[in-house]
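Enquirer: My questions concern the predicted model and sequence given below.
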Amino acid sequence: MPNDAYSPWQSDTSAGIPRLETGVPGVDDLTGGGIPLGRPTLVCGTSASGKTVFTVQFLAAGIEKCDSPGVFVAFEETPDDVRENMAGFGWDIPAWEARGRWRFVSAGLMPDEEEQLVNGNFNLEGLRVRIRYAVEKAGAKRVALDSLAALFTRFPDPGTVRRELFRMTSMLKEMNVTSLLTTELLQAHGDVTRFEVEEYVADAVIMLRNHPSVVRRRRTIEVLKLRGGAHSTGEHAFSISSGGIHVTPIGSMTLDQPSTNRRVSSGSKELDDMCSGGFFQDSVTIVSGATGAGKTLTAMQFLKGAAEAGDKALFLGFEESRPQLVRNAASWGIDLEAMEQNDRLRIYCQLPESVSLEQHLVSIQRAIDQFQPQRIVVDSITAMKRVAAIDRYRDFVLGLTSLIKTRQIAGLYTSTTDDLYGVTTVTEQNISTLTDAIILLRYVELDSGVARGLTVLKMRGSAHDKSIRRFEITGEGMKIGEPFNTPSGILGARVTDE
Amino acid sequence: MPDDRYMLKLYVTDITPAIQRAIETLRNLCDDEMSGCYDFEVIDIRERPQLAEDERILAVPTLVKELPPPIRRLIGDLSDREKVLLGLDLLPSKQLG
């Protein structure tokens, strides 16, 4: 197979084995176009890692998106269990069965069946005959087998079972169906499956893991092997919600984001001037400051700028309640409710703790898809740090930033710092490299007292005003004044007011 | 008497020499132990896949004793006569009798 002529950053579906899109959100990005067409893929996971959901979703996507029938071989659960358990995801299996789009092969024990007695040689041709029969009856192109582990516990002599599995995957290939076979991992971080079956279905291996975490369980997916194709490496977070599995591939989106030169107004003429004409359309700006430094006001000003430009904006509030926001905005002369009535603004206020970070990301994506905003405000991004370990928080920010940029949305995150005067915090070290512009709001200590200061610390791809400006909060919003006299100090926190 | 009647079904895919031997073993055994009072059917599941579906056959050969209850299933080519008797609940009664 010629595979010397592709960049590892591109999907090389042309150079390798043709792919079939799974239809599971995010998985086709991770795999660079889907799983090998007409071949078996192994899905390994610890118990309760989402293997069954993944396989059912694969068949469901085939039926819903391409009217492509599927066969589900149920080893562990009964078809009734599967029908019932999957109804909660919106998958109406009985309706598909009635339309001839879904067939079960029930491969568990009979209800009245005891342990089977084995006497002499046997093979699993019975299972193969039944799968072939179901595939032909349904005209299926997608097949799921969940889970192979059951075969090893039911039949003696793992060597015989492996040989029979090898025959089965050969048959699946020969029938030209794309199949998912699940099996069990012993532990989340040994990459050893319980029954060592990888070599029989070696075209592709996907790992699902369920890590224990302090606050919430964290689910990840990893493409371990994909013959004849580049794929995204490493573990990627996913969530399981009402629509099934949703993967947020990190990194697969960030490299090829389009970039525009279109500027959007921050809502403040002075701030626009400081940034040489406003923020970039497909950029993310961080507004960093201590409590009360004016972050939410800057965010509101940005919303006002959106409304004035006729842009639609999405506000995601993780700190204040909706009435608080509306009241505060009104005190700065910004009428959020009017913006909402004109369908220029949507406000979602949520406690960070309400769901997992992965789930937040899925919900945000859904909100973006529904409303199609040109701008997004997250107030504050640092509130999310409360609910997850730092690496998961970073994944969340990275995922959200990628999402915002690929949709060419102008994003603004507020970031709460713990210290009133200093410049760097752990938080910003974690996320500042991901963003395009940083605006610092800091208290500046003067000989005569304390004043608010604002400076544009970074502005990727553009010149910007590097001075530290006096900044006031008024009934007409933010007012940015003249630079402080001594041009150093906000970073070191002290300005001599002369 | 209908209660004593055995009903045995052997699910196969190919009549290999081993299967042929298994069938002979079974017939002999039935004649010896069941006084000829039995029905014995060999089912090729390639020809009748729906029967394999109904009975949830995975392994072949599988011998199913449908009557008298309880239902018993034996997997394999029945190379051990004693184990077949045991599997069909025949050995204990023989020993007692």
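Expert: Looks like it came in fine. Numbers count the residues shown, from 1 in each chain, chains lettered A, B, ... in the order given.
Enquirer: hey, let's count contacts and neighbours off CA atoms from now on
Expert: Will do.
Enquirer: Spell out which residues of chain B are next to chain A.
Expert: B:12-13, B:45-46, B:49-50, B:52-53, B:55-61, B:71-80, B:83-84, B:87 (Cα under 8 Å from any Cα of the partner chain).
Enquirer: Now the buried members of these.
Expert: B:12-13, B:45-46, B:49, B:52-53, B:56-61, B:72-79, B:83-84, B:87 (16 or more other Cα atoms under 10 Å in any protein chain shown).
Enquirer: Cross these against strands and list the overlap.
Expert: Counting by DSSP state E, the part of these found in strands is B:12, B:72-75.
Enquirer: For the residue nearest to the spatial centre of chain B, list the residues it contacts.
Expert: Centroid-nearest residue in chain B, with Cα atoms, centre = their mean: B:Leu63, separated by 3.9 Å. For B:Leu63, the contact set (Cα atoms under 8 Å, 6 or more residues apart in numbering or on different chains) comprises B:8-11, B:73-75.
Enquirer: Now tabulate those in TSV and tack on pLDDT.
Expert: As requested, the contacts of B:Leu63 are exported to TSV (pLDDT from 0 to 100):
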residue	pLDDT
B:Leu8	91
B:Lys9	93
B:Leu10	93
B:Tyr11	94
B:Arg73	88
B:Leu74	89
B:Ile75	89
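Enquirer: now, which of the residues you listed sits nearest A:Ile206?
Expert: Set against A:Ile206, the nearest of those by Cα to Cα is B:Ile75 (33.3 Å).
Enquirer: So, low pLDDT: which residues of the stretch 251-400 of chain A?
Expert: A:251-260 (pLDDT under 70).
Enquirer: chain center to stretch A:148-158: distance?
Expert: 36 Å (Cα atoms, centre = their mean, to the nearest Å).
Enquirer: mind listing what's buried in it?
Expert: Neighbour-count burial for stretch A:148-158, counted by 16+ other Cα under 10 Å, picks out A:148-152, A:155.
Enquirer: And for stretch A:455-464?
Expert: A:455-459, A:464.
Enquirer: out of those residues, what pair is the most spread apart?
Expert: Longest span within those, Cα to Cα: A:Thr455 and A:Met459, 11.0 Å.
Enquirer: In space, what's closest to A:Gly289 - neighbours in sequence excluded?
Expert: Residue nearest to A:Gly289 in three dimensions, not counting chain neighbours: A:Leu441, with 4.7 Å by Cα to Cα, 6 or more residues apart in numbering or on different chains.
Enquirer: Could you report the distance from A:Gln57 to A:Val43?
Expert: According to Cα to Cα, to the nearest Å, A:Gln57 and A:Val43 sit 13 Å apart.
Enquirer: Which of these two has more residues huddled nearby?
Expert: Higher neighbour count among A:Gln57 and A:Val43: A:Val43, with 29 against 23, using other Cα atoms under 10 Å in any protein chain shown.
Enquirer: tell me which residues form a beta bridge with the residue lying closest to B:Pro68 once chain neighbours are set aside?
Expert: With Cα to Cα, 6+ apart as the criterion, B:Pro68 has its nearest non-adjacent residue at 5.8 Å, and that residue is B:Tyr6. Beta-bridge pairing for B:Tyr6 (DSSP bridges): B:Tyr38.
Enquirer: and B:Tyr6, what does it touch?
Expert: Contacts here follow Cα under 8 Å, 6+ apart; on that basis B:Tyr6 touches B:34, B:37-39, B:65-68.
Enquirer: hmm, 7 Å instead?
Expert: By Cα atoms under 7 Å, 6 or more residues apart in numbering or on different chains, B:Tyr6 lies in contact with B:37-39, B:67-68.
Enquirer: nearest to A:Gly108, of those?
Expert: Distance to A:Gly108, by Cα to Cα, is smallest for B:Leu67 among those, at 21.9 Å.
Enquirer: Who are the contact partners of that closest one?
Expert: B:5-7.
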